[in-house]
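Q: below are the sequence and a predicted model; questions follow.
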Amino acid sequence: MQLKDASLLQQQLYIDGAWQAASDGEVFAVTNPANDQVLVTVASATKADTARAIEVAEAALPAWRDLTAKARSNLLRNWYNLILENIDDLATILSAEQGKPLAEAKGEILYGASYIEWFAEEAKRVYGDTIPGPAADKRLVVIKQPIGVVAAITPWNFPNAMITRKVGPALAAGCTVVVKPATETPLSALALAVLAEKAGIPKGVINIVPGKRSGDIGGELTANPIVKKLSFTGSTRIGKLLMAQCADTIKKLSLELGGNAPFIVFDDADLDAAVQGAMIAKFRNTGQTCVCANRILVQSGVYDAFAEKLAAAVAAMQVGPALEGAFQQGPLINQSSLNKVKEHVEDALGKGAKVATGGKAHARGGLFYEPTVLTGVTNDMVVAKDETFGPVAPLFKFDTEADAIRLANDTEFGLAAYFYSRDIGRAWRVAEKLECGMVGINEGLISNEAVPFGGIKESGLGREGSKYGIEEYLEIKYMCFGGI
Ligand SMILES: NC(=O)c1ccc[n+]([C@@H]2O[C@H](COP(=O)([O-])OP(=O)(O)OC[C@H]3O[C@@H](n4cnc5c(N)ncnc54)[C@H](O)[C@@H]3O)[C@@H](O)[C@H]2O)c1
Ligand SMILES: O=C[C@H](O)CS(=O)(=O)O
């Protein structure tokens, strides 16, 4: 890995501003999914290391909380500027450990930095209330205060942005954090810590505990009463586990979980725009995003035309290792992810679906899979119910608008949905009836720092980003002044 600043590649725990080995000396390998080569080994935090990080975060809390909002804002802006200055190295590290094409990795660094920039500003806008009360001799006031020590557990698919989307608002609100990055992708988190320290963020405010023993680390983060808030991004299965583990200490929760996004193409859609939207909504990060179109529902009148256009666009994508060329698709993150993609395709084909393009492991071997379009997909197939989390676009056919909404909502998930129609009445009817937290209307890329990102049903709790995001790290206090 060629870096301009080698200090960004760290291999130890980051606790109280110090780089340190795990208390038992354990390490784990971080591999490049494009070639299965070991990049580095990283210290694997123990339960005791995690407890120490929590205690350090508690000790750092008063001084950080008592800084003025502007002082916290300035430090976050310093961090933002340093992230941008080091974008090339951060993107190289990200692509090496996660596999996404370098152009996408740079896009993620800009996206991740935008959350730091956004919350550097939001820090200065944590407003309270004065309330006109019923009694003449009382004055009623509401203030907002930081929740305290925050635990953040993040996924491998966006190893930079999923951290800044939590740490940004937490620090802006006056909280301190302990971050457990995904076992597959700890290097991006450690590089962010290097830059946070350079930005002047005091020791103990940000602590990073990478590790292969997720259960031990998570067990401490969820059980320790010092931790007042857990912000988790990952699968619904693990989210439910962590939610239960937090119950004994009534921790506040933000959960950004799994998805099963429908992508609906109506007869009146601009088909070329719909294909463009489907390409990004389905194949961004090689299909490994929580808001990926998992089911593509196409109205019968345009089904064949859309399928033909989409298959042609998908077949044109180049697949390869991020650091060896300008590819549009990378590898799956690990063997179990590749196996899941294969199982979903084989199940669909076994039940009557047809391959329009792709449909098998890529000639490059390893964790590469051919970007795939399946036609003739029906609701009895696994792809209809489970999150594929890979480069497979299953096309379902529907007849009426009511059919489309029923099919779209037939899932326990409710994160994102997309549809293409040029009928304004239909746009309002469908957007209001879709059971999800975010809707793209004639748009396949909906995420940015200014909007409330999150879902309903089993896709999670709370929102990240936007003017709402900082509220997740604040407590409301009502104060009643009597005897006035
Ligand atoms: N809603 C969102 O914003 C969003 C964003 C990204 C990913 N996701 C979802 O995440 C999933 C893919 O990411 P993933 O494979 O990293 O998810 P995952 O749930 O397997 O892992 C997420 C994080 O939890 C950790 N973890 C795993 N078991 C744990 C345990 N017992 N205790 C504590 N921590 C534990 C992992 O090490 C990782 O850091 C998909 O379902 C995707 O939809 C959702
Ligand atoms: O996969 C999870 C991310 O939240 C996707 S996005 O980049 O924020 O849309």
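A: Structure's in. What do you need? Ligands and ions are numbered 1, 2, ... in the order given.

Q: for the closest residue to I143 other than its chain neighbours, give its distance to L140.
A: Counting by CB to CB, 6 or more residues apart in numbering, I143 lies nearest to G128, which is 4.3 Å off, once chain neighbours are set aside. Heads up, the C-betas are built off the backbone N, CA and C, glycines and all. Noted for G128: a distance of 11 Å to L140, by CB to CB, to the nearest Å.

Q: what's near enough to touch whichever residue of the stretch 51-200 of the chain sits closest to ligand 1?
A: Residue nearest to ligand 1 within the stretch 51-200 of the chain: P155 (3.3 Å; CB to the nearest ligand atom). Each residue near P155 by CB atoms under 8 Å, 6 or more residues apart in numbering is listed here: M162, A182, T233, G234, S235.

Q: one more: D270?
A: Neighbouring residues of D270 by CB under 8 Å, 6+ apart: Y420, R422, N442.

Q: count the neighbours of the second one for me.
A: It stands for R422. 12 (other CB atoms under 10 Å).

Q: what is the neighbour count of the residue of the stretch 351-484 of the chain found nearest ligand 2?
A: Closest contact between the stretch 351-484 of the chain and ligand 2, by CB to the nearest ligand atom, is at S447 (3.2 Å). Using other CB under 10 Å, S447 is surrounded by 19 other residues.

Q: so what's it up against?
A: Y111, V291, F453.

Q: beta partners of the last one?
A: Right, F453. E464 (DSSP bridges).

Q: my guess is it contacts G462. True?
A: No - assessed by CB atoms under 8 Å, F453 is found out of contact with G462, at 9.6 Å.

Q: quick one: which of these two has more around it?
A: F453 (27 against 19).

Q: contacts only, for D88.
A: K4, K106.

Q: next: N442.
A: A269, D270, A273, G277, F419, Y420, S421, R422.

Q: quick one: strands adjacent to the helix or strand harbouring the fifth one?
A: Same thing as F419. Per DSSP states H and E, F419 falls inside strand 416-420. Sheet pairing of strand 416-420 (DSSP bridges) gives strand 261-265 (parallel), strand 438-441 (parallel).

Q: avg pLDDT for it?
A: Averaging pLDDT along strand 416-420 gives 99.

Q: run the chain-centre distance for whichever helix or strand comes after it.
A: Per DSSP H and E, strand 416-420 leads on to helix 424-433 as the next helix or strand towards the C-terminus. How far helix 424-433 lies from its chain's middle: 27 Å, per CA atoms, centre = their mean, to the nearest Å.

Q: mind starting the numbering at 648 from now?
A: Fine by me, first position is 648 from now on; the one you just mentioned is helix 1071-1080.

Q: residue boundaries of the helices in the stretch 698-847 of the chain?
A: All helices of the stretch 698-847 of the chain, identified by DSSP state H, counting those that start in this stretch, fall at 716-732, 734-745, 749-769, 808-820, 834-845.

Q: can you tell which of those helices is closest to L660?
A: In terms of CB to CB, the element of the helices of the stretch 698-847 of the chain nearest to L660 is helix 834-845, at 8.9 Å.

Q: which other helices and strands contact that closest one?
A: strand 684-690, helix 716-732, helix 734-745, helix 808-820, strand 853-855 (3 or more CB pairs under 8 Å, 6 or more residues apart in numbering; DSSP states H and E).

Q: quick one, the longest one and helix 808-820 angle?
A: Relative orientation of helix 716-732 and helix 808-820, computed by axes from the mean of the first three to the mean of the last three CA atoms, to 10 degrees: 160 degrees.

Q: need the residues that contact helix 716-732.
A: Under CB under 8 Å, 6+ apart, the answer for helix 716-732 is 711, 737, 756-757, 759-760, 763-764, 766-768, 770-771, 773, 811, 815, 818-819, 821, 839, 842-843, 845-848.

Q: quick one: contacts for N1095?
A: Contact analysis of N1095 by CB under 8 Å, 6+ apart lists Y758, S761, G1112.

Q: between the residues you listed, which is nearest A698?
A: Among the contacts of N1095, and counting by CB to CB, the member closest to A698 is G1112, at 30.7 Å.

Q: hey, where'd the helices end up in the stretch 948-1097 of the chain?
A: Under the criterion DSSP H, counting those that start in this stretch, the stretch 948-1097 of the chain contains helices at 950-962, 982-997, 1048-1056, 1071-1080.

Q: save those as a markdown table, and put in distance to ligand 1, mean pLDDT and mean neighbour count too.
A: Compiled in a markdown table, the helices of the stretch 948-1097 of the chain are given as follows (distance: least, CB to the nearest ligand atom, whole Å; pLDDT from 0 to 100; neighbours: other CB atoms under 10 Å):
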| stretch | distance to ligand 1 | mean pLDDT | mean neighbour count |
| --- | --- | --- | --- |
| helix 950-962 | 21 | 98 | 18 |
| helix 982-997 | 8 | 98 | 17 |
| helix 1048-1056 | 17 | 98 | 18 |
| helix 1071-1080 | 20 | 98 | 14 |
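
Q: what's the closest of those helices to I855?
A: Using CB to CB, those put helix 982-997 closest to I855, at 24.2 Å.

Q: can the closest one be said to contact ligand 2?
A: No - Helix 982-997 stays clear of ligand 2 (CB under 6 Å from any ligand atom), getting no nearer than 13.4 Å.

Q: so which elements touch that helix?
A: Taking 3+ CB pairs under 8 Å, 6+ apart as the contact cut, helix 982-997 packs with strand 1019-1024, strand 1039-1045.
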